[in-house]
Structure formats: C-alpha cells, structure tokens
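Engineer: I'll drop the sequence and a predicted model, then ask my questions.
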Amino acid sequence: MNFKKIVVVMGCTLMAIVLVSPSFGGPSEWSYRISLLSTSALSDDGELFLVGCENGEYFVFDRYGNLMVNRTFEQKIYAVDIAENGNMIFGLDNGFVFVDGDGEIKSKEFTEPVFSVSITRNGSFAVAGTRKEIFLINPMGLRWKSEIMIESTPEERSSSASAPATSSIPAMSSGV
C-alpha cells in the first residue's frame, strides 16, 4: 500500500466517523412526547421526520430532533408523506392537503377520507387516494383525478365461488 492510498483510506474513515458520531454533529438520540399518533413518514434523504395525529396535529422534526413545524388541521390525519424540500401531503378525514416546508397550505381538495398519500422526492408532485378516486397534485393545485372502478373485493370473489350453486331447473331423475 502506498502513502496516497493510506491517506485516502484514513480520510474516508474519518468522514464516516463524522457522519455517524454525535460528538461530530451526526445524529443523536432524541425523544418527544406525542399523543394520538396515527401515521409518520421520513424524507428520502433522512433529514426530515413527519408525524400526524388523530386529533389533526402534525409535527416536523429534523434529524437532530429539533421541532421545525407544528400545526393542526381540524380533521383526523390518516396518511402523511414528506419530500426532501419539506413539502408535505396529508390524507385527512375529509380530503387531502398539500403543504410547503413552512406549513403553508398550497393546495387542498375536499373529498371522502384519504387513506393513502405519496410525494415525489423533490416535492413537485403528490398523489392521494380515497376508496373511490386517485388525485395528482402539485403546489399549484389539483392536476387531475380519476375514479376507481371496483367490481368486487377478493373476499367477495372467494365467498361467491364457495357458495353453493342454486338452480331453478328441477333435477331430473334417471328412470333406473
């Protein structure tokens, strides 16, 4: 091993310690008391942590545990997601809300309860889903929505397959 390789290896080792060790500014243990927690999400880069609660309150923490945003909606929060830039999407009891990193509402739509949400890594688009519709949203508003046509659930299909067959045609007897 020559001197140049040793320096590179030592530099990478030191960098790994800086990223992992709390004494060098890396992540450390932290805790926060939150009641009625219903859902949570972590940004793709691991820098932001979003928590939603049944009482409509939400919290955004950075990776060090510092509270960045704390706001409240008037509805139960069913689903959340957060982008690296802090943009957030919330699935609520009566619709969805697209919020920027400062907690300002950029777009909202009132529907039935929204149980599923997802946002792109850069926060430019999000999707939200109810039991009947899917929505594509960006900070400027609703881009499109599509109705979901559900014919039957797997449970309904399996119960109808196992149900005894009925017939209105009388059974024929063999003359034997």
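Structural biologist: Great, that's in hand.
Engineer: quick one: the strands in this protein?
Structural biologist: Assigned by DSSP state E, the chain shows strands spanning 37-42, 48-53, 57-62, 67-72, 77-82, 88-92, 95-99, 105-110, 116-119, 126-129, 133-138, 141-147.
Engineer: which one of the ones you listed is the most hemmed in?
Structural biologist: Burial of the strands of the chain is given as mean neighbour count (mean count of other CB atoms under 10 Å); strand 88-92 ranks first at a mean of 27. All C-beta spots, glycine's among them, are computed from the backbone N, C-alpha and C.
Engineer: quick check: residue 75 touching residue 97?
Structural biologist: No - contact status for residue 75 versus residue 97: not in contact, 9.1 Å apart, counting by CB atoms under 8 Å.
Engineer: so what sits opposite residue 72 in the bridge?
Structural biologist: Here residue 72 sits in beta bridges with residue 57, as judged by DSSP bridges.
Engineer: would CSV of the strands of the chain with mean pLDDT and distance to residue 154 be doable?
Structural biologist: CSV is the format used below for those (pLDDT from 0 to 100; distance: least, CB to CB, whole Å):
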stretch, mean pLDDT, distance to residue 154
strand 37-42, 95, 25
strand 48-53, 96, 29
strand 57-62, 96, 33
strand 67-72, 95, 37
strand 77-82, 98, 22
strand 88-92, 97, 23
strand 95-99, 96, 26
strand 105-110, 92, 29
strand 116-119, 97, 18
strand 126-129, 96, 18
strand 133-138, 93, 20
strand 141-147, 91, 20
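Engineer: tabulate the ones you listed (a markdown table), appending distance to residue 30.
Structural biologist: Supplementary listing: the strands of the chain in a markdown table, determined by distance: least, CB to CB, whole Å:
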| stretch | distance to residue 30 |
| --- | --- |
| strand 37-42 | 14 |
| strand 48-53 | 10 |
| strand 57-62 | 8 |
| strand 67-72 | 10 |
| strand 77-82 | 18 |
| strand 88-92 | 20 |
| strand 95-99 | 23 |
| strand 105-110 | 28 |
| strand 116-119 | 24 |
| strand 126-129 | 28 |
| strand 133-138 | 32 |
| strand 141-147 | 36 |
